[in-house]
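**Student:** Fold the following for me, if possible:
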Amino acid sequence: MESKALFLNEWEDEGLEAIKAVFRLSERALAEIDLLLASYSRDAYCGEAFVLFRKGQTLYEINASHDSGVCMEGQWEPEETLLKALEFRMEKGRLGLSTDGDNLFADELRFLLAELRANGFS
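**Tutor:** Sure, this is the predicted structure:
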């Protein structure tokens, strides 16, 4: 991984090790990606994760959740995405917001996307 990733919410202090643990990933699975943002939030019974990374000039996202326990094994399924798609989901949807409208990672993601765009990423 090239850049310093932004770890938020429950992953703020645990970082990459927490991601490897909950998704049951090896170093090899993460070796060729540039992790940009990773957020995991939970309440007493369930949790939701969002991970954004790039590989070359392509962005990928992971969306995962669980009911009880803390394992999201088998849910590391990268989906190719675009800056425009993420921006649209933030503008017209609820990407990065909790069900009550509080910021989970929307502000940080908005800043990251603007930074990527300013650096020529499309």
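
**Student:** before we move on, which element is the most centrally placed residue in the chain in?
**Tutor:** Relative to the mean C-alpha position of the chain, the nearest C-alpha, by CA atoms, centre = their mean, is the one of residue 51, at 1.7 Å. If you go by DSSP states H and E, residue 51 is part of strand 47-55.

**Student:** Partner strands of that strand, with direction?
**Tutor:** Take DSSP bridges as the rule and strand 47-55 pairs in its sheet with strand 34-42 (antiparallel), strand 58-66 (antiparallel).

**Student:** can you put those strands in JSON lines and add distance to residue 83 and mean pLDDT?
**Tutor:** C-beta coordinates here come from the backbone N, C-alpha and C atoms, glycine included. Shown next, in JSON lines, are those (distance: least, CB to CB, whole Å; pLDDT from 0 to 100):
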{"stretch": "strand 34-42", "distance to residue 83": "12", "mean pLDDT": "93"}
{"stretch": "strand 58-66", "distance to residue 83": "7", "mean pLDDT": "92"}
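
**Student:** Nearest to residue 81 among the ones you listed would be which one?
**Tutor:** Comparing these by their distance to residue 81 (CB to CB), the top pick is strand 58-66, with 4.8 Å.
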